[in-house]
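1. Give me a 3D structure for the following:
(one chain, ligands or ions: 2)
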Amino acid sequence: MSNFRSIILAAGKGTRMKSDVPKVLHKVCGRPIIEYVLDITRSLGSLKTYIVTGHGAKQVEQTVSGDVEFVLQPQLLGTADAVRRLESHVKGFRGTMLVLCGDTPLLSKNIVRALLTKHRRNRASATVLTALIDNPQGYGRIVRDRAGSFLAIREEKDADPQEVLINEINVGVYCFESVKLFETLKKVRLNPRKKEFYLTDVIELFLAADNRVDTLTTEDDHVAFGVNTRSDLAQAEAIIRKRILDEHMRNGVTITDPLTTYIEDGVKIGRDTIIYPCTIINSDVHIGSNCKIGPLAHVRPGSRIASNVEIGNFTEVSRTTIDSGTFMKHFSFLGDATVKAGVNIGAGVVTANFDGVAKNKTKIDQGAFIGSDSILVAPVTVGSKAIVGAGAVVTQHTKIPAYAVARGVPAKIFKNR
Ligand code: UD1
Ligand code: MG
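-> Ligands and ions are numbered 1, 2, ... in the order given. Predicted coordinates for the structure are as follows:
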């Protein structure tokens, strides 16, 4: 796919979320909703992606990363007005403009690719993605004549009783030839009922000027799903969560109880790793092959776990690197730690990584043995093959040499093991 640019509309207020956070920044499986839409434009090779911001613009700009251009819509005057804000940014661009909404985390890349392909092949001026759904409430309806030719998109508020019954709806994803789009947007009139300029009015104006307008219709009702409320958010979470788990299973990971396993977006897991019930794995975690994780484990962002590692019951690992063959089997916490290969983390070991001001690091070298119920008050270094006795409290800035033994409260270092 080439020679297309994208516009993501994200200025809306999201009133029904009842939130101080802009709607598109609410997270689904650990990632802001808008990132799922950006995945699509990125992976299809959009030459440039513009995000129209309004409500909470600063927050959106600070959160969304990568090569996007933000365009402010100072007043929420409707979807046509939102697109019109881009006019000065796209001067001279003669290709296709893909328009999407920022609140549709379930939209699939394949359907958008199919829309672009159809638009190209038919050399249309506009191609609209439509969906046949059981409950069309709230969406713009696709009005056709008896022969099935596309006539208009009618917003629910403006629809007559016949039109309200139509169950083919406007998803809110379109391809437009950019030059014609911006010419035509100038002609869109304010909708008297809603006091907004409707992007959907461009369709009738295109048809009146004998421009070719096509539709691509899907029966997948997930495609049109936009998040408007907290319960929509939970529904999207459930669907994407299942997709993520299915993908890990396809890649050779055993998930013994998908119903109680939460794996966020952006997690890598090697084959033959087993994830036991009630386990939560956040974004930005890599786990190697042949590991055993859980039950009841929480692996938090920034953790890198090699192969053949066991992380057992009631454990939490955060921003921590663990090399192969290390065991941490029972109720322990490792935060900001680097743990080399073949280490045994006994039951109840805690890295006290926060001193009230800063997060400090713990380093545990190869083959060390950390006894049960010991506390490593970071920063702490444990040398290779060293032993920390059960119940020891190793205080800040302690460096336990290789092969040494540390025990007691506060821990004292004894010579060789
Ligand atoms: C819009 C479509 C409707 C379609 C539906 C799909 C119009 C007139 N109607 O209706 O046909 O079925 O989406 O979900 O376009 N936005 C801005 N600036 C604005 C207004 C909206 O950026 O001034 C953004 C919103 O943040 C949102 C998107 O545009 O991402 C759609 O706006 P929304 O108000 O939700 O439109 P709908 O009434 O749902
Ligand atoms: Mg909407």
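
2. these two touch, right, residue 319 and residue 300?
-> Yes: with contact defined as CB atoms under 8 Å, residue 319 and residue 300 form a contacting pair (7.0 Å). All C-beta atoms are positioned from the backbone trio N, CA, C, and that covers glycine.

3. Residue 334: what secondary structure?
-> strand (DSSP: H, G, I helix; E, B strand; the rest coil).

4. oh sorry, the question was meant for residue 241
-> Going by three-state DSSP: residue 241 is helix.

5. Ramachandran angles for the closest residue to it other than its chain neighbours?
-> Leaving out its chain neighbours, the residue that sits closest to residue 241 by CB to CB, 6 or more residues apart in numbering is residue 29, at 5.7 Å. Main-chain dihedrals, residue 29, degrees, to the nearest 10: phi 50, psi 50.

6. Return the residues of this protein in contact with ligand 1.
-> Within the chain, the residues that sit near ligand 1 (CB under 6 Å from any ligand atom) are 9-12, 52, 54, 73, 76-79, 81-82, 101-103, 139-140, 153, 155, 169-170, 172, 198-200, 226.

7. So for the strand ranked longest in the chain, mean pLDDT?
-> As assigned by DSSP state E, the longest strand anywhere in the chain is strand 168-177. The pLDDT scores in strand 168-177 average 97.

8. Strands along the stretch 51-200 of the chain, start to end?
-> If DSSP state E, counting those that start in this stretch is used as the criterion, the strands of the stretch 51-200 of the chain fall at 68-72, 96-101, 126-132, 141-144, 150-154, 168-177, 190-191, 196-197.

9. Output the ones you listed in a markdown table, with mean neighbour count appended to each entry.
-> Shown next, in a markdown table, are the strands of the stretch 51-200 of the chain (neighbours: other CB atoms under 10 Å):
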| stretch | mean neighbour count |
| --- | --- |
| strand 68-72 | 16 |
| strand 96-101 | 25 |
| strand 126-132 | 24 |
| strand 141-144 | 20 |
| strand 150-154 | 19 |
| strand 168-177 | 24 |
| strand 190-191 | 16 |
| strand 196-197 | 19 |
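
10. Go ahead and list the helix or strand containing the residue in the stretch 201-350 of the chain positioned nearest to ligand 1.
-> The nearest approach of the stretch 201-350 of the chain to ligand 1 comes at residue 226, 4.7 Å away (CB to the nearest ligand atom). Assigned by DSSP states H and E, residue 226 belongs to neither a helix nor a strand.

11. ditto for the one 5 residues further on
-> Assigned by DSSP H and E, residue 231 belongs to helix 230-250.

12. Quick check: mean pLDDT of that helix?
-> 97.

13. quick one, what contacts the residue nearest to residue 241?
-> If a contact means CB atoms under 8 Å, 6 or more residues apart in numbering, then residue 29 has 237, 240, 241, 244, 263, 264, 265, 283 as its contacts.

14. go with 6 Å
-> Residues near residue 29 by CB atoms under 6 Å, 6 or more residues apart in numbering: 240, 241, 264, 265.

15. Next, the buried residues of the helix holding residue 231.
-> Using 16 or more other CB atoms under 10 Å as the burial criterion, the residues of helix 230-250 that qualify are 232, 233, 235, 236, 237, 239, 240, 241, 244, 245, 248.

16. what do you get for stretch 187-201?
-> Under 16+ other CB under 10 Å, the buried positions of stretch 187-201 are 188, 191, 196, 197, 198, 199, 200, 201.

17. if we look at it, which residues are touching it?
-> Against stretch 187-201 from outside (CB under 6 Å, 6+ apart): 77, 78, 79, 80, 81, 83, 140, 153, 157, 205.

18. Now for the first one: which residues touch it?
-> Residue 77 makes contact with 196, 197 under the criterion CB under 6 Å, 6+ apart.

19. Repeat that for the third one.
-> Neighbouring residues of residue 79 by CB under 6 Å, 6+ apart: residue 199.

20. and it, what pLDDT?
-> 97.

21. Residue numbering should commence at 57 henceforth.
-> Okay, residue one is now 57; in that scheme the one you just asked about reads as residue 135.

22. any idea how far it is from residue 460?
-> Residue 135 sits 68 Å away from residue 460 when distances are taken as CB to CB, to the nearest Å.

23. Many thanks, I have nothing further to ask.
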